[in-house]
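Asker: Okay, sequence plus prediction incoming.
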Amino acid sequence: RKEVEQDPGPFNVPEGATVAFNCTYSNSASQSFFWYRQDCRKEPKLLMSVYSSGNEDGRFTAQLNRASQYISLLIRDSKLSDSATYLCVVKRSSASKIIFGSGTRLSIRP
Amino acid sequence: EAGVVQSPRYKIIEKKQPVAFWCNPISGHNTLYWYRQNLGQGPELLIRYENEEAVDDSQLPKDRFSAERLKGVDSTLKIQPAELGDSAVYLCASSLEAIGGLGQETQYFGPGTRLLVL
């Protein structure tokens, strides 16, 4: 079993829809969590960090559930430009393992 | 501000040949990462440097891969000899990590080097 798992998708949703996907992690010592976005043939870029209390940035909301060991990303009012692969990242501590999930592909259709 | 610079952007070599990748991180960033990303997968960490010190190289295949960051700035990653399975995108990233911090700092990625081993 992979330490960080994501549903690979693809999620194909219409513009304006709300879409959510999860990322599960197996190591309870994990401390820091992030969502990165990667466009086709481009490098990953930070979308948002995930804080214990949950956090929101415009149309994007990230949640952390330590008890069930997953993080989630919710995108409201999706735009065509949201089409990308969303990578979950888990770090155990500042001096320890950094693990990327395999990514969830999202495709927004007009 | 200049981002992470990597070269070459593309490289095609025959198996058993050596290859080297170069990375110049964002100025002032103390932490540098090398990742390998296969198609349809997330980046896999190969090695992480804090200044000149390799603090995590547990995923680096040491029989054929080597890396260095001699002056704590730019870095090279070498494969010798390359195998067919090494075909991938090699990504370099950097961040400014606080000593003893929680590691919440953003990693900035370079555009990557696409390696094809024939």
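Answerer: That came in fine, so what should we check first? Numbers count the residues shown, from 1 in each chain, chains lettered A, B, ... in the order given.
Asker: hey, let's count contacts and neighbours off CA atoms from now on
Answerer: Fine.
Asker: just the strands in chain A please.
Answerer: A:4-6, A:11-14, A:19-25, A:32-38, A:45-50, A:55-57, A:60-65, A:70-75, A:84-91, A:98-100, A:104-109 (DSSP state E).
Asker: Residues contacting the helix or strand of chain A at the bottom of the mean pLDDT ranking, please?
Answerer: Using mean pLDDT, DSSP states H and E, the weakest-scoring helix or strand in chain A turns out to be strand A:98-100, at a mean of 90. Surrounding strand A:98-100, the residues in contact under the criterion C-alpha atoms under 8 Å, 6 or more residues apart in numbering or on different chains are A:3, A:4, A:87, A:88, A:89, A:90, A:91, A:92, B:42, B:43, B:44, B:45.
Asker: Just the buried ones from the residues you listed?
Answerer: For these, burial is judged from neighbour counts taken by 16 or more other C-alpha atoms under 10 Å in any protein chain shown, and it is met by A:4, A:87, A:88, A:89, A:90, A:91, A:92, B:42, B:43, B:44, B:45.
Asker: which of those residues has the weakest pLDDT?
Answerer: Minimum pLDDT across those is recorded for residue A:92, with 80.
Asker: For the residue lying closest to residue A:77 once chain neighbours are set aside, grab the count of nearby residues.
Answerer: On the basis of C-alpha to C-alpha, 6 or more residues apart in numbering or on different chains, the spatially nearest residue to residue A:77 that is not a chain neighbour turns out to be residue A:16, at 4.1 Å. Residues contacting residue A:16 under the criterion other C-alpha atoms under 10 Å in any protein chain shown number 15.
Asker: Dihedrals phi and psi, residue B:84?
Answerer: When quoted as degrees, to the nearest 10, the phi and psi of residue B:84 stand at phi -60, psi -40.
Asker: Leaving out sequence neighbours, find the closest residue to it.
Answerer: In space, not counting the residues next to it along the chain, residue B:84 is nearest to residue B:117; the distance is 5.1 Å by C-alpha to C-alpha, 6+ apart.
Asker: ditto for residue A:12
Answerer: Once flanking residues are discounted, residue A:12 sits nearest to residue A:107: 4.8 Å by C-alpha to C-alpha, 6+ apart.
Asker: distance of the one you found from chain B?
Answerer: Distance from residue A:107 to chain B, counting by C-alpha to the nearest C-alpha, to the nearest Å: 15 Å.
Asker: how much space is there between that residue and residue A:80?
Answerer: Remark: distance between residue A:107 and residue A:80 (C-alpha to C-alpha, to the nearest Å) = 8 Å.
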